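Asks: curious how this folds, go ahead:
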Amino acid sequence: MIKGIYTSEASMRPKMTRMEVIANNLANINSTGFKRDRVFIEMLKESGAPSSDGRSDLTGTNVRRVVDLAPGSLQPTNNPFDLALEGTGFFAVETPNGVRLTRNGHFKLATDGSLVTAEGFHVQGENGNVVVPSIDKHQQGNITINEAGEVLADREPLTRLRIVTVADPDQLQKDHESLLIPGPDQIPVNVPQDQLHVRQGFLEESNVDAIEEMTAMIEISRSFETDQKIIQSQDATLDRSMDIGRV
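Replies: As a prediction, this is how the structure comes out:
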């Protein structure tokens, strides 16, 4: 009886994590470049083996979050500093905590000509931060970024965006919003130029599927309620058993 209560309780914990992940995915459905999280439950063969007190051994159960890097759809904005990537790759961004990777290409020019994110982080080029020199002499409408990631002012090349990838993208972890952290052994490497596809005047939408997430939320909620009812039923049965024992 007690084992049944422990088993039901153990199945509820991963569902709580999945509900948190789904809620966060839905909250970021309109966040540019956001990549949804998925939850995987890993269980070793000996997990669930009963111990002497009747509690299942759950030390072999692990709930793992993985970032789903599937691309989102591209939407035109007509803003010359909105950029999107087709295919693989990430923009490299310099933050106070180090280099971060992102698919959010909603950039702008700072007063000193630096290309920065909405948060003010510098966008990296192949030779350092991307800066348009003598910005006061250029019309922002004359600054273009071609498919190969070259930044041009009045058709004169200035620099090239640093578009990178990592050997194992599954090891990427989220920092905040749409920024990703490379793993400790994941050194970002530049994407070959012949594989670059930068789209100027576009932004990549979130890859969250609202219908899929809502369906999963409903299924988990019903399953969670079932587990609760099972625990309540087992607890009531246990109480009756104790009452009979006292009689």
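Asks: got the contact list for residue 19?
Replies: Shown in contact with residue 19 (CB atoms under 8 Å, 6 or more residues apart in numbering): 217, 220-221, 224. All C-beta spots, glycine's among them, are computed from the backbone N, C-alpha and C.
Asks: are any of those residues buried, and which?
Replies: 217, 220, 224 (16 or more other CB atoms under 10 Å).
Asks: for the last one, which non-adjacent residue is spatially closest?
Replies: Put plainly, it is residue 224. residue 15 (5.1 Å; CB to CB, 6 or more residues apart in numbering).
Asks: can you classify that neighbour as helix, strand or coil?
Replies: What DSSP: H, G, I helix; E, B strand; the rest coil gives for residue 15 is helix.
Asks: need the contact list for it.
Replies: Here residue 15 is in contact with 220, 223-224, 227 (CB under 8 Å, 6+ apart).
Asks: follow-up on the earlier one: next step: the buried ones among the contacts of residue 19 restricted to helices.
Replies: 217, 220, 224 (DSSP state H).
Asks: what does the helix or strand hosting residue 107 rub up against?
Replies: Per DSSP states H and E, residue 107 falls inside strand 107-109. For strand 107-109, contacts defined as CB under 8 Å, 6+ apart pick out 81-83, 115-118, 123, 132, 135, 140, 143.
Asks: identify, from these, the entry nearest to residue 192.
Replies: residue 83 (18.4 Å; CB to CB).
Asks: quick one: mean pLDDT over the helix or strand harbouring that closest one.
Replies: Here residue 83, judged by DSSP H and E, is contained in strand 83-85. Per-region confidence: strand 83-85 scores 97 on mean pLDDT.
Asks: same question for that strand: list its buried residues.
Replies: 83-85.
Asks: do the same with stretch 14-26
Replies: For stretch 14-26, by 16+ other CB under 10 Å, it's 14-15, 18-19, 21-22, 25.
Asks: same question, stretch 187-198
Replies: 188, 190-191, 196, 198.
Asks: quick one: least confident of these?
Replies: With pLDDT as the yardstick, residue 196 is the minimum among the buried residues of stretch 187-198, at 89.
Asks: hang on, the earlier thing: quick check: next helix or strand after the strand holding residue 107?
Replies: strand 115-117.
Asks: what is that following strand packed up against?
Replies: strand 107-109, strand 122-125 (3 or more CB pairs under 8 Å, 6 or more residues apart in numbering; DSSP states H and E).
Asks: immediately after the last one, which helix or strand?
Replies: Following strand 122-125 in sequence order, the next helix or strand is strand 128-129 (DSSP H and E).
Asks: contacts for the helix or strand following that following strand?
Replies: Next along the chain after strand 128-129, taking DSSP H and E as the criterion, comes strand 143-145. Contact with strand 143-145 is made by 80-81, 83, 109, 132, 151-153, 155, 161, 198, 200, as judged by CB under 8 Å, 6+ apart.
Asks: buried among the residues you listed? Make that a ChimeraX selection.
Replies: In ChimeraX, a selection of the buried entries from the contacts of strand 143-145 looks like this (16+ other CB under 10 Å):
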select :80,81,83,109,132,151,153,161,198,200
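Asks: can you tell me which of the contacts of strand 143-145 are in helices?
Replies: Going by DSSP H, the helices hold none of these.
Asks: out of the contacts of strand 143-145, who's nearest residue 30?
Replies: Within the contacts of strand 143-145, proximity to residue 30 (CB to CB) peaks at residue 83, which comes in at 18.5 Å.
Asks: who does the closest one form a beta bridge with?
Replies: residue 200 (DSSP bridges).
Asks: out of the buried residues of stretch 14-26, which are inside helices?
Replies: 14-15, 18-19, 21-22, 25.
Asks: that older thread, export the buried residues of stretch 187-198 as TSV, with columns for secondary structure and distance to residue 210.
Replies: Shown next, in TSV, are the buried residues of stretch 187-198 (DSSP: H, G, I helix; E, B strand; the rest coil; distance: CB to CB, whole Å):
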residue	secondary structure	distance to residue 210
188	coil	31
190	strand	35
191	coil	31
196	coil	31
198	strand	28
